[in-house]
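Asks: Next come a sequence and a model predicted from it.
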Amino acid sequence: MSVDSLIARITQLQNPTVVGLDPNPDAMPPHLLEQSKGDNPFERAANAVTAMNYALIDALCDIVPAVKPQLACYEQLRHEGVKAFYDTVRYAKQRGMFVIADAKRGDIGSTCDYYANAFLGDVALFGERQPAFDADALTVNPYLGSDGLSPFVKRCDAFDKMIFVLVKTSNPSSGEFQDRALEDAPLYEQVGKAVHALGEGRVGAHGYSSVGAVVGATYPAQLAALRSALPHTFFLVPGYGAQGGGAKDATAAFDKKGLGAIVNSSRGILCAWSKRKLDGTAFAAAAREEALLMREDLLAAIGHPIGEER
């Protein structure tokens with residue numbers, strides 16, 4: 001199963017992290033934009049993004065198990081940016097990385113079929129079925145209910161993919177809706193239970209299902225409670241680093257073997273060259289150094305090798 005492949009990669013590299021490939025032309029190394037060519041500014045920027053992502057993937061693929069490109073960063077660059085997203089997904093997979101498409105899709109059932117085909121499944125074209133973006137996993141918004149989730153779950157089954165459903169997100173205002181009481185429990189808790197139920201019958205060799213949850217490190221108490229309540233749900237944990245979550249906060253997501261979650265960092269790694277006041281040409285090496293520090297930070301907080309009982 002796809003979740004088992006992700007866990008195997010995490011265990012092999014002893015690294016429960018995912019790097020968010022969220023490029024912003026305003027914060028990119030200047031030389032990439034200066035050297036990039038294209039017929040218009042959007043194409044030049046998209047080509048610079050692709051070059052940056054390829055270099056980051058090359059620098060990280062032997063130490064980081066997964067990447068998570070945020071589709072909005074690419075869509076702002078028109079169709080040229082969407083091609084950069086496609087090329088990034090394809091290259092990361094070629095380099096052995098697990099790819100989580102961070103698109104947070106969710107809509108009525110028929111529209112979800114199209115989204116599910118695009119990111120996880122395939123599309124019927126001229127008598128044949130062809131994969132489109134072909135990511136390994138997709139972030140999904142659950143707030144249209146079960147008919148907005150079932151198309152994604154079906155693709156998980158048919159194409160050996162994963163989804164990560166938004167449960168308790170890391171942003172400051174998440175509690176405005178997610179923390180509201182519903183039947184004497186917070187809404188996020190009810191959503192978590194529904195996600196866990198969707199995963200029943202879809203559990204892999206390590207005890208986790210292909211239907212995962214997004215739970216932020218910025219709310220460690222809720223994260224710990226959800227880990228206890230959802231024992232078969234694999235967590236994608238944003239909020240580490242730039243958003244204020246630390247390693248001790250994030251480790252509430254892990255089980256006794258140090259499994260069950262993957263922790264995201266985006267700006268902290270992508271912009272490490274700037275934070276360290278280095279020349280932009282050192283961006284890939286700085287990202288690698290920062291990724292290694294994050295791995296050591298998390299492993300120290302876990303307190304034992306991943307995959308071994310503590």
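Replies: Great, that's in hand. Everything quoted here is computed from the prediction, not taken from an experiment. Residues are numbered from 1 along each chain as shown.
Asks: contacts and neighbour counts: CA atoms only from here.
Replies: OK.
Asks: what does the model give the closest residue to Arg78 other than its chain neighbours for pLDDT?
Replies: Nearest non-adjacent residue to Arg78, counting by Cα to Cα, 6 or more residues apart in numbering: Phe42, 7.0 Å away. If you check Phe42, the pLDDT there is 98.
Asks: Which positions within the one helix or strand Phe42 maps to qualify as buried?
Replies: Using DSSP states H and E, Phe42 falls within helix 41-60. Across helix 41-60, burial judged by 16 or more other Cα atoms under 10 Å covers 42-54, 56-57, 59-60.
Asks: swap in stretch 160-176?
Replies: Buried residues in stretch 160-176 (16+ other Cα under 10 Å): Asp160, Lys161, Met162, Ile163, Phe164, Val165, Leu166, Val167, Lys168, Thr169, Ser170.
Asks: So which of these sit within strands?
Replies: Met162, Ile163, Phe164, Val165, Leu166, Val167, Lys168 (DSSP state E).
Asks: So the fifth one sits against Leu138, correct?
Replies: Spelled out, it's Leu166. No. Between Leu166 and Leu138 there is no contact under Cα atoms under 8 Å: 10.7 Å.
Asks: Which neighbours do these two have in common?
Replies: By Cα atoms under 8 Å, 6 or more residues apart in numbering, Leu166 and Leu138 have these common neighbours: Lys104.
Asks: Secondary structure element holding Arg295?
Replies: helix 283-302.
Asks: What sits closest to Ala72 if chain neighbours are left out?
Replies: Nearest non-adjacent residue to Ala72, counting by Cα to Cα, 6+ apart: Ala103, 7.3 Å away.
Asks: can you check Asn24 too?
Replies: Per Cα to Cα, 6+ apart, closest to Asn24 is Cys73, 6.6 Å.
Asks: got the contact list for that neighbour?
Replies: If you count contacts by Cα under 8 Å, 6+ apart, then Cys73 has Asp22, Pro23, Asn24, Gly81 around it.
Asks: Could you tell me which residues make contact with Leu230?
Replies: Gly192, Lys193, His196.
Asks: Let me fix that, I meant to ask about Tyr240.
Replies: Ala217, Thr218, Gly246, Ala247, Ala250, Val263, Asn264, Ser265.
Asks: Same list, those, but as a markdown table with distance to Lys256, secondary structure and neighbour count please.
Replies: As requested, the contacts of Tyr240 are exported to a markdown table (distance: Cα to Cα, whole Å; DSSP: H, G, I helix; E, B strand; the rest coil; neighbours: other Cα atoms under 10 Å):
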| residue | distance to Lys256 | secondary structure | neighbour count |
| --- | --- | --- | --- |
| Ala217 | 18 | coil | 32 |
| Thr218 | 21 | coil | 24 |
| Gly246 | 19 | coil | 19 |
| Ala247 | 16 | helix | 20 |
| Ala250 | 14 | helix | 28 |
| Val263 | 16 | strand | 27 |
| Asn264 | 20 | strand | 26 |
| Ser265 | 23 | strand | 25 |
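Asks: Closest one of those to Phe133?
Replies: Among these, Asn264 lies closest to Phe133 (Cα to Cα), at 21.1 Å.
Asks: now the helices for this protein?
Replies: Here the chain has its helices, by DSSP state H, at 2-13, 30-35, 41-60, 71-75, 78-94, 109-119, 150-159, 175-178, 187-199, 220-229, 247-250, 267-270, 272-275, 283-302.
Asks: mind listing what's buried in the fifth one?
Replies: Neighbour-count burial for helix 78-94, with 16+ other Cα under 10 Å as criterion, is recorded at 80-86, 88-93.
Asks: ok, and what's touching it?
Replies: For helix 78-94, the external contacting residues (Cα under 8 Å, 6+ apart) are 42-43, 45-47, 49-50, 53-54, 57, 61, 67, 69, 71, 73-75, 98-99, 133-135.
Asks: what do you get if the cut-off is 6 Å, keeping everything else the same?
Replies: When contacts are defined by Cα atoms under 6 Å, 6 or more residues apart in numbering, helix 78-94 is touched by residues Glu43, Ala46, Thr50, Tyr74, Glu75, Phe133.
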